[in-house]
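A.B. asks: What shape does this take:
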Amino acid sequence: MYTMIVFSAQALPEGRVFGLDTQTLIGIGIQLLNGIILAVALGFILYKPVKEFMQRRTERIRSKINEADAAMAKANELIAEYERKIKEINKERLAILEAANLEVAEERKRILDEARKEADEIRKRALEKIAEDKKHLEKETRLYIIEVASLMAQKYIAQSMDAETQERLFEEALAQLEAAQWQN
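C.D. replies: Prediction:
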């Protein structure tokens, strides 16, 4: 091996790393030709399957993109539908609240009207009771005044009249009282 290295070192001209002779050029040419033949052969052999594989892959990616676009469009439709439904629900909620407020206002008005009617009836009954009490009081007061007046008159007459005149006046007063009671 050592001899080989020494022999190859002698074959090289001085100052050069390797020798560029015809055999080296032929070897390089053959390797280039082999590379080209291999590339062409592999191109013919593998071009169609690789192209088909790449086409299928492209179609798969395109179909996934189309599916994603369709799903996105469907999602956007659903979002629009949900937003529309939410708006409808809000409108319905507002309508229900408005109807409830109207019912409450009507109920409040009805209750107030009933309360006013009851208050008027109570006031009317109270006024009737007061009128009855007033009549009763007037009647009692009249009777009391008559009784007091008769007592005063009796005392006055008892002092200034005799028994016979007293008896006659008493009978007349009693007759007038009886007549007055029958008229009321």
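A.B. asks: what about Q166, how many neighbours?
C.D. replies: 14 (other Cβ atoms under 10 Å). Glycine gets a C-beta too; all of them are placed from N, C-alpha and C.
A.B. asks: should've said L177
C.D. replies: For L177, using other Cβ under 10 Å, the count is 13.
A.B. asks: Use 54 as the first number for this chain going forward.
C.D. replies: Understood, numbering begins at 54; the last thing we discussed is L230.
A.B. asks: who's in contact with it?
C.D. replies: I199 (Cβ atoms under 8 Å, 6 or more residues apart in numbering).
A.B. asks: okay, it: pLDDT?
C.D. replies: On pLDDT, L230 comes in at 77.
A.B. asks: Then I199?
C.D. replies: Model confidence at I199 (pLDDT) stands at 80.
A.B. asks: Could you count how many residues lie near it?
C.D. replies: For I199, using other Cβ under 10 Å, the count is 14.
A.B. asks: And the one 4 residues further on, by the same measure?
C.D. replies: S203 is surrounded by 15 other residues when neighbours are defined as other Cβ under 10 Å.
A.B. asks: Let me know the helix or strand that it is in.
C.D. replies: S203 is part of helix 75-213, with elements assigned from DSSP states H and E.
A.B. asks: by contact count, what packs against that helix?
C.D. replies: Helix 75-213 makes packing contacts with helix 216-236 when contacts are defined by 3 or more Cβ pairs under 8 Å, 6 or more residues apart in numbering; DSSP states H and E.
A.B. asks: 6 Å instead, please
C.D. replies: Helix 75-213 sits against no helix or strand, with contacts defined as 3 or more Cβ pairs under 6 Å, 6 or more residues apart in numbering; DSSP states H and E.
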